[in-house]
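Student: missing the sequence, but the structure's below:
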């Protein structure tokens, strides 16, 4: 125990961390840096490829659709939306009418039961 108190701090540090550990750490950090750099480059390349593909698709769409077709499609989409709205309104109206019919039937049944009770 007396030897440890007299050893300089650098010697204790060398006992805990060897030169191989430092080299391994440096190589690991370098490998991580290279891997990160490669992944960043791959991601950049992938983003560029995707952007190019999207641009090509848009160009094809623009080139293949004539202005008349474009306006016809817009009219069909508007008509479809209007029909969806009309269907929704009809469903609401039918539901309300069904509820009114059920309420009327309930009132008729109540009147028939009252009449039957008075007839007894």
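Tutor: Looks like it came in fine. Since the structure is predicted, the reported quantities are computational estimates derived from the model, not experimental observations.
Student: CA only for contacts and neighbour counts going forward, please
Tutor: Fine.
Student: now residue 94: how far from residue 108?
Tutor: Residue 94 sits 21 Å away from residue 108, going by Cα to Cα, to the nearest Å.
Student: and the protein, what are its domain boundaries?
Tutor: Using automatic domain parsing, the domains assigned to the chain come out as 1-64, 67-120.
Student: pick out the shakiest of those domains, pLDDT-wise.
Tutor: In terms of average pLDDT, domain 1-64 trails the rest of the domains of the chain, at a mean of 75.
Student: hmm, back to that, okay if I get the domains of the chain as JSON lines plus mean neighbour count?
Tutor: Below are the domains of the chain laid out as JSON lines (neighbours: other Cα atoms under 10 Å):
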{"stretch": "domain 1-64", "mean neighbour count": "11"}
{"stretch": "domain 67-120", "mean neighbour count": "12"}
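Student: now do whatever helix or strand residue 95 lives in: distance to the chain's middle.
Tutor: Assessed by DSSP states H and E, residue 95 sits inside helix 67-119. Distance, stretch centre to chain centre, for helix 67-119: 35 Å (Cα atoms, centre = their mean, to the nearest Å).
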